[in-house]
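**Q** here's my sequence, what's the structure:
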Amino acid sequence: MARVSPFSCKLFIALVAIKQRTITAFNVVDFGAIGDGKTDSTSSFLKAWDAACNSIVPDATMVVPPGIFLVTHITFTGPCKSNNTNLIIFGTIIAPDDYKFIGSDKFWIVFHRVHWLSIFGGTLDAKGSSLWACKSAGNHCPFGARSITFQSCSYVLVSGLKSINSQRIHISINQCSNMTLRKLVIIAPSRSPNTDGIHIASSTGITISNSSIGTGDDCISIGPGSKSLLMDQIACGPGHGISIGSLGRKAMEDGVQDVNVTNSIFTMTQNGVRIKSWPSANDGYARNLLFKNLIMQNVSNPMIIDQDYCPHKNCPQKVRTYIYTQRTFVTASFFIKKKGKLQFTSVKFAPISHLVLHVHK
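**A** Numbers count the residues shown, from 1 in each chain. The predicted model follows:
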């Protein structure tokens, strides 16, 4: 018997509920949006969001119907009055052709202080290729925008979303808690600069599963202050792999702990899993890290632990670092196909401890 995914079930139930009017739906077209790929629908999206977010009915739902909707920089602000707010996307949301419209803002779509939010389906196309070309040519270009950002949000579900051609990071999660991201498809060319799939910083309780991520940078990157993270059944590649860090650049910095990467496949990536920290004095740490049942196919560096990280010419003097203490546990099991190498670089005063490896070739 074929299995039906929880995402499909919940989306089907939501659609039936909308049709039977048992939940209140706010369609962006009813607020003036036009899905022709040319008309700016930003204000219409904001009006639909404000109506849904300020509705007191349970499961208030904002709907983006089939079509191509042009949206410039937009921020969806909470908290909302409904006990759960839904965003169901059937169509495609695109950025303007001129990269400067969102590239100068550094953010394209933002959810700020939104709690109990569910996002289903849809495609985001940030049209980043023109900005990548600008940077490749060495021209004066804007920094570039993150496609979708979650800032100070909690109890968020993102299911079935597709993000392509982000100017920079596709999905950014900062100061959030209790988020689940599943069945994502994230795509950018292997030579697109700084197009991390998902970046997590200062966040707790984040789960990413059953997703395909191929970009020009890290599939998933984890910054300081991140704890209790699970990445399971990730197909990573192309890209730079899954990275923790860089850590320890600031003297006062929160650590990273309880990170699990399991049952995932890395294909044609520069790295598999990587932990990188600066050789400078700091009070950060990385501990309780688990990398289990990872398949590496044509991966140059299946695992890197680098405590001497410095991508610039002016590097700090190597001093005692506290990134890896006696409470640091790294457990890893790999299945390596084709030739790959494990790399471990430790500064003199900070040996790596409690490292357990199981490597199968």
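**Q** drop to CA atoms for contacts and neighbour counts, all remaining ones
**A** Fine.
**Q** so Lys47 is in contact with Ala33, correct?
**A** No: with the criterion set as Cα atoms under 8 Å, Lys47 and Ala33 do not qualify as a contacting pair; they are 9.8 Å apart.
**Q** tell me the contacts of Gly122?
**A** 88-93, 160-162 (Cα atoms under 8 Å, 6 or more residues apart in numbering).
**Q** so who does the residue positioned nearest the centre of the chain touch?
**A** The centre of the chain sits closest to Ile198, judged by Cα atoms, centre = their mean, with a distance of 1.8 Å. Ile198 makes contact with 169-173, 218-221 under the criterion Cα under 8 Å, 6+ apart.
**Q** want to throw the residues you listed into JSON lines with distance to Gly128, neighbour count and pLDDT?
**A** Below are these laid out as JSON lines (distance: Cα to Cα, whole Å; neighbours: other Cα atoms under 10 Å; pLDDT from 0 to 100):
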{"residue": "Ile169", "distance to Gly128": "11", "neighbour count": "29", "pLDDT": "98"}
{"residue": "His170", "distance to Gly128": "11", "neighbour count": "30", "pLDDT": "98"}
{"residue": "Ile171", "distance to Gly128": "14", "neighbour count": "22", "pLDDT": "98"}
{"residue": "Ser172", "distance to Gly128": "16", "neighbour count": "21", "pLDDT": "98"}
{"residue": "Ile173", "distance to Gly128": "20", "neighbour count": "22", "pLDDT": "98"}
{"residue": "Asp218", "distance to Gly128": "17", "neighbour count": "31", "pLDDT": "96"}
{"residue": "Cys219", "distance to Gly128": "17", "neighbour count": "31", "pLDDT": "98"}
{"residue": "Ile220", "distance to Gly128": "19", "neighbour count": "26", "pLDDT": "98"}
{"residue": "Ser221", "distance to Gly128": "20", "neighbour count": "24", "pLDDT": "97"}
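**Q** rewinding a little: beta partners of the residue nearest to the centre of the chain?
**A** For Ile198, the beta-bridge partners are Ile171, Ile220 (DSSP bridges).
**Q** now it: how far from Val57?
**A** Relative to Val57, Ile198 is positioned 32 Å away (Cα to Cα, to the nearest Å).
**Q** list the contacts of Phe76.
**A** Residues counted as contacts of Phe76 (Cα under 8 Å, 6+ apart) are 46, 49, 109-112, 114.
**Q** need those residues in CSV (columns: pLDDT, neighbour count and distance to Leu229).
**A** Rendered in CSV, the data for these read as follows (pLDDT from 0 to 100; neighbours: other Cα atoms under 10 Å; distance: Cα to Cα, whole Å):
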residue, pLDDT, neighbour count, distance to Leu229
Leu46, 98, 17, 32
Trp49, 98, 28, 30
Ile109, 98, 22, 24
Val110, 98, 19, 22
Phe111, 98, 19, 20
His112, 98, 17, 21
Val114, 98, 22, 20
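**Q** so His112 touches Thr77, yeah?
**A** Yes: His112 is within contact range of Thr77, at 4.9 Å (criterion: Cα under 8 Å).
**Q** low-confidence ranges, the stretch 1-150 of the chain, go.
**A** With pLDDT under 70 as the threshold, the stretch 1-150 of the chain has low-confidence stretches at 1-23.
**Q** where along it do the strands fall?
**A** 25-27, 36-40, 60-64, 68-70, 74-77, 85-89, 92-94, 107-112, 115-120, 123-125, 146-151 (DSSP state E, counting those that start in this stretch).
**Q** show me what the third one is packed against.
**A** Based on contacts counted as 3 or more Cα pairs under 8 Å, 6 or more residues apart in numbering; DSSP states H and E, the elements that strand 60-64 packs against are strand 25-27, helix 42-53, strand 85-89.
**Q** same check on the last one?
**A** For strand 146-151, the helices and strands in contact under the criterion 3+ Cα pairs under 8 Å, 6+ apart are strand 107-112, strand 171-174.
**Q** take those strands and lay them out in TSV including distance to Asn263.
**A** Listed next are the helices and strands packed on strand 146-151 as TSV, based on distance: least, Cα to Cα, whole Å:
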stretch	distance to Asn263
strand 107-112	30
strand 171-174	22
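**Q** closest to Ser246 out of these?
**A** Minimum separation from Ser246 across the helices and strands packed on strand 146-151 (Cα to Cα) falls at strand 171-174, 15.6 Å.
**Q** I'd like the helices and strands packed on strand 60-64 as CSV, with distance to Asp105 appended.
**A** Written out in CSV, the entries for the helices and strands packed on strand 60-64 read as follows (distance: least, Cα to Cα, whole Å):
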stretch, distance to Asp105
strand 25-27, 27
helix 42-53, 15
strand 85-89, 24
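**Q** identify each of the helices in this protein and give its residue range.
**A** 6-19, 42-53, 100-103, 129-136 (DSSP state H).
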